[in-house]
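# build me a model:
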Amino acid sequence: MKIAIMGSGGDAPGMNPAIKRFVEVAYEMGHEPYFIFDGLEGLIDGKIAKAIYKDVAGIIHRGGAIIGSSRSKRWYENEYRKKAFENLKEHNIDAIVVMGGDGSFRALDLFNKEFSINFVGIPTTIDNDIYGTDLCLGVDTALNVIRDAVDKIRDTASTFARAFVIETMGRECGYLAAVSAITSGAEVCVIPEVDFNKPLATKILQKEIKEGRRYILAIVAEGTKRTAEIAKWLEDDIGMETRVTVLGHIQRGGNPTVKDRMLGFGFALKALEALNAKEEGKIVVYKNGEFGVESLKDALKPYTIDPQILSMLHFLD
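Numbering: from 1, shown residues only. Below you'll find the predicted structure:
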């Protein structure tokens, strides 16, 4: 088979290890690997090329994706999907491995239904909001980036006796914020999934300050849109000088951790195995320490954070 790999949507650390493994294993299996550059936009524009070993030499440690990625409004117009299909047929490509999130998987599912181009998805999003997989590619690195930033902010917070509000990414999912709050010992965590008990938090923090607490760390998920509100509350109600740090896109960059390198390898191998087995429209998952495949229908179910994680957080009802 001729099989192409592409990125779609936001980038995540671990994409390059997955790309490297895809090329190597494809050749081992007797397939011809191809790159689709710049995601769906590149597919529409015909940015397709055969991949060779040299292309993936020395990329395992690099963040981002050497093949690029994109989001595409044009994709949702039939004329551009038809153009994308014609580009694939020009290279006789039989299937696609797509690294992305639920939006990317839906886009490829529509494509497959129209033109019978099979695909397998690799869950690639630091948001970790794909149902059926314990981890998505890039999550572990993002958590370590946040951990490093919070540890450094704590140094300043404790020195100046201040409160710091740290906003994490994650769209509508609070996974990054929740796990980061737990593992950094943050006093406050605000996520979309659970109501933040402000009266209880106020009572506890005021008591702790009277007993000698010098600083407060508050981690807020971007999806709550409450970063400014929490900062004002800490300043006005808790009575502590407050600063805000929005971590932003540093969470999507950097050298992938060992965990994300291993996940990239495993996801790529399982994706090719699924295509070898003629499985249609599957998503690779990592569950209970093992790689498997799920149907697209199951992978697109609403994601919920593990209740055990939520039970470890402070000030949540």
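# so what touches stretch 255-262?
Residues lying outside stretch 255-262 but in contact with it, judged by Cβ atoms under 8 Å, 6 or more residues apart in numbering, are 13-14, 16-17, 60-63, 135, 137-141, 144, 264. Where you see a C-beta, it was placed from the backbone N, CA and C, and this is true even at glycine.
# in it, what's buried?
By neighbour count on 16 or more other Cβ atoms under 10 Å, the buried set for stretch 255-262 is P256, T257, K259, D260, R261.
# and the next helix or strand past the worst-scoring helix or strand of the chain on mean pLDDT?
Lowest by mean pLDDT, DSSP states H and E among the helices and strands of the chain is helix 296-299, with a mean of 88. Past helix 296-299, further along toward the C-terminus, the next helix or strand under DSSP states H and E is helix 307-311.
# on contacts alone, who are the packing partners of that next one?
Counting contacts by 3 or more Cβ pairs under 8 Å, 6 or more residues apart in numbering; DSSP states H and E, helix 307-311 packs against helix 175-184.
# tell me the mean pLDDT over the helix it packs on?
Looking at helix 175-184 alone, the average pLDDT works out to 97.
# same question, stretch 196-205
In this model, stretch 196-205 carries a mean pLDDT of 94.
# how far away from the center of its chain is that stretch?
31 Å (Cα atoms, centre = their mean, to the nearest Å).
# which positions in that stretch come out as buried?
Of all the residues in stretch 196-205, those buried under the rule 16+ other Cβ under 10 Å are F196, A201, I204, L205.
# same check, this time on stretch 126-134
For stretch 126-134, the neighbour count (16+ other Cβ under 10 Å) marks I126, D127, N128, D129, I130, Y131, G132, T133 as buried.
# if I read this right, the last one contacts Y286, doesn't it?
Yes: T133 is within contact range of Y286, at 5.2 Å (criterion: Cβ atoms under 8 Å).
# and for D55, nearest residue in space, chain neighbours not counted?
In space, D55 comes closest to V23 once its chain neighbours are excluded; the distance is 6.8 Å by Cβ to Cβ, 6 or more residues apart in numbering.
# which helix or which strand is home to that neighbour?
Once you assign secondary structure using DSSP H and E, V23 falls within helix 15-28.
# flag every buried residue along that helix.
The neighbour-count check on helix 15-28 (16+ other Cβ under 10 Å) flags M15, N16, P17, A18, I19, K20, R21, F22, V23, E24, V25, A26 as buried.
# quick check: L135 is in a helix.
No: using DSSP: H, G, I helix; E, B strand; the rest coil, the secondary structure at L135 is coil, not a helix.
# circling back: by contact count, what packs against the least confident helix or strand of the chain?
Where contact means 3+ Cβ pairs under 8 Å, 6+ apart, helix 296-299 is packed against helix 102-115, strand 118-123, strand 282-287.
# other SSEs contacting the lengthiest helix in the chain?
In the chain, ranked by residue count with DSSP state H as the criterion, the top helix is helix 139-160. With contacts defined as 3+ Cβ pairs under 8 Å, 6+ apart, the packing partners of helix 139-160 are strand 163-168, helix 175-184, strand 216-221, helix 258-276.
# and that helix, what's buried?
By neighbour count on 16+ other Cβ under 10 Å, the buried set for helix 139-160 is 139-146, 149-150, 153-154, 157.
# just those residues now: which is nearest R252?
Checking those against R252 with Cβ to Cβ, the nearest one is A142 at 6.9 Å.
# from G281, how far off is the nearest residue in space to the closest one that is not next to it in sequence?
Setting aside the residues directly before and after it, A142 is nearest to I126 in space (Cβ to Cβ, 6+ apart), at 3.9 Å. Applying Cβ to Cβ, to the nearest Å, one obtains 24 Å for the distance of I126 from G281.
# can you list the domain ranges for this protein.
Following automatic domain parsing, one gets these domains for the chain: 2-138+256-301, 140-252.
# so which of those domains gets nearest L313?
Evaluated with Cβ to Cβ, the domains of the chain place domain 140-252 nearest to L313, the distance being 5.0 Å.
# what's the first-to-last distance across the closest one?
Counting by Cα to Cα, to the nearest Å, the length from the leading to the trailing residue of domain 140-252 is 11 Å.
# span of stretch 85-96 from start to end?
Its first and final residues considered, stretch 85-96 spans 12 Å by Cα to Cα.
# got the buried residues for that stretch?
Counting neighbours by 16+ other Cβ under 10 Å, stretch 85-96 gives F85, N87, L88, H91, I93, D94, A95, I96 as buried.
# and the strand or helix carrying A84 with helix 102-115, angle?
Secondary structure here is read from DSSP H and E; on that basis A84 sits in helix 78-90. Computed by axes from the mean of the first three to the mean of the last three Cα atoms, to 10 degrees, the angle separating helix 78-90 from helix 102-115 equals 70 degrees.
# other SSEs contacting helix 78-90?
Helices and strands in packing contact with helix 78-90 are listed as helix 39-45, strand 48-50, helix 102-115; criterion 3+ Cβ pairs under 8 Å, 6+ apart.
# all set now, cheers.
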